[in-house]
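A.B. asks: quick one, fold the following:
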Amino acid sequence: RWRFCVLPPSSGLSVDSRFGVATHLDRLSPERIGKSLDLIALARIPYVRCGFLWRDIEKERGRDSWERHDALVKAATERGIRVLPTLAMAPAWASGKNRPELDGWKRFVGAAVARYRSEITWWEVWNEENAPNYWPYGNSNFYLFLQAAREASRQANPDAKLILGGLSPDVKTPEGGDAA
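C.D. replies: Numbers count the residues shown, from 1 in each chain. Alright, predicted model coming up:
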């Protein structure tokens, strides 16, 4: 069951607003994506955050499947909604004991940023990287991943901007305190 509040025109929200919504549009059928984006547009929310998960796009090494994401970006753009993709989650073939494969990650990030160069400027790198179930490889390996994403995005589109993934509020420090 969905509930929405439509803001009146005097609310001052515009496409330049920094207001957005986190979604899982990448997991929906094209019809559901369209209906969801219609409601988001009706609520005058100018940004949607959704997964551009490496494991979904490149299930087999070197075989990218962008169709679902192409349709999502096109549908959002047609409604005046900007997409904030979350680049995250290595496919099984790229997962390693110490960290996911850096060369494959770099290629994936570069391909995504180049593909959507005219529609997407801002890119989120990973999700809840402070949570072991999302990033079990430690801070130094995450730093290497950030560097690789930066290099790949700059080569693909010098105007691309990267932001860190949202942090998990439920992570505990070794001492039992809150880490987020």
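
A.B. asks: gap between Asn133 and Phe145?
C.D. replies: For Asn133, the distance to Phe145 under the criterion C-beta to C-beta, to the nearest Å works out to 16 Å. No exception for glycine: its C-beta is placed from N, CA and C like everyone else's.

A.B. asks: do the same with Gly138
C.D. replies: Applying C-beta to C-beta to Gly138 and Phe145 gives a distance of 11 Å.

A.B. asks: cool, and Gly80?
C.D. replies: Using C-beta to C-beta, we find Gly80 at a distance of 32 Å from Phe145.

A.B. asks: repeat for Gly166
C.D. replies: With distances defined as C-beta to C-beta, the gap from Gly166 to Phe145 amounts to 16 Å.

A.B. asks: higher neighbour count, these two?
C.D. replies: Relative neighbour count places Phe145 above the other of Gly166 and Phe145, with 23 against 16, counting by other C-beta atoms under 10 Å.

A.B. asks: check the secondary structure at that one for me.
C.D. replies: When the structure is reduced to helix, strand and coil (DSSP: H, G, I helix; E, B strand; the rest coil), Phe145 reads as helix.

A.B. asks: low pLDDT regions in the protein?
C.D. replies: Counting by pLDDT under 70, the chain has low-confidence residues at 1-17, 171-180.

A.B. asks: and the helices in it?
C.D. replies: Taking DSSP state H as the criterion, the chain contains helices spanning 30-42, 54-57, 67-78, 102-115, 139-156.

A.B. asks: how many residues are close by the nearest residue to Gly20 once chain neighbours are set aside?
C.D. replies: Counting by C-beta to C-beta, 6 or more residues apart in numbering, the nearest residue to Gly20 once its immediate chain neighbours are dropped is Tyr47, at 3.1 Å. By the other C-beta under 10 Å criterion, the neighbourhood of Tyr47 contains 19 residues.

A.B. asks: so who does Ala92 touch?
C.D. replies: Each residue near Ala92 by C-beta atoms under 8 Å, 6 or more residues apart in numbering is listed here: Arg55.

A.B. asks: tell me how far it lies from Gly104.
C.D. replies: Spatial separation of Ala92 from Gly104 under the definition C-beta to C-beta is 12 Å.

A.B. asks: and stretch 24-33, how far from the chain's centre?
C.D. replies: Averaging C-alpha positions (C-alpha atoms, centre = their mean, to the nearest Å) puts stretch 24-33 15 Å from its chain's average.

A.B. asks: now the end-to-end length of that stretch.
C.D. replies: With C-alpha to C-alpha, to the nearest Å as the measure, the ends of stretch 24-33 fall 9 Å from one another.

A.B. asks: nearest residue to the residue most central in space within the chain other than its sequence neighbours?
C.D. replies: Averaging the C-alpha coordinates of the chain gives a centre point, and the residue nearest to it by C-alpha atoms, centre = their mean is Thr86 (1.2 Å). Distances taken as C-beta to C-beta, 6+ apart put Glu124 closest to Thr86, at 4.5 Å, once the chain neighbours are dropped.
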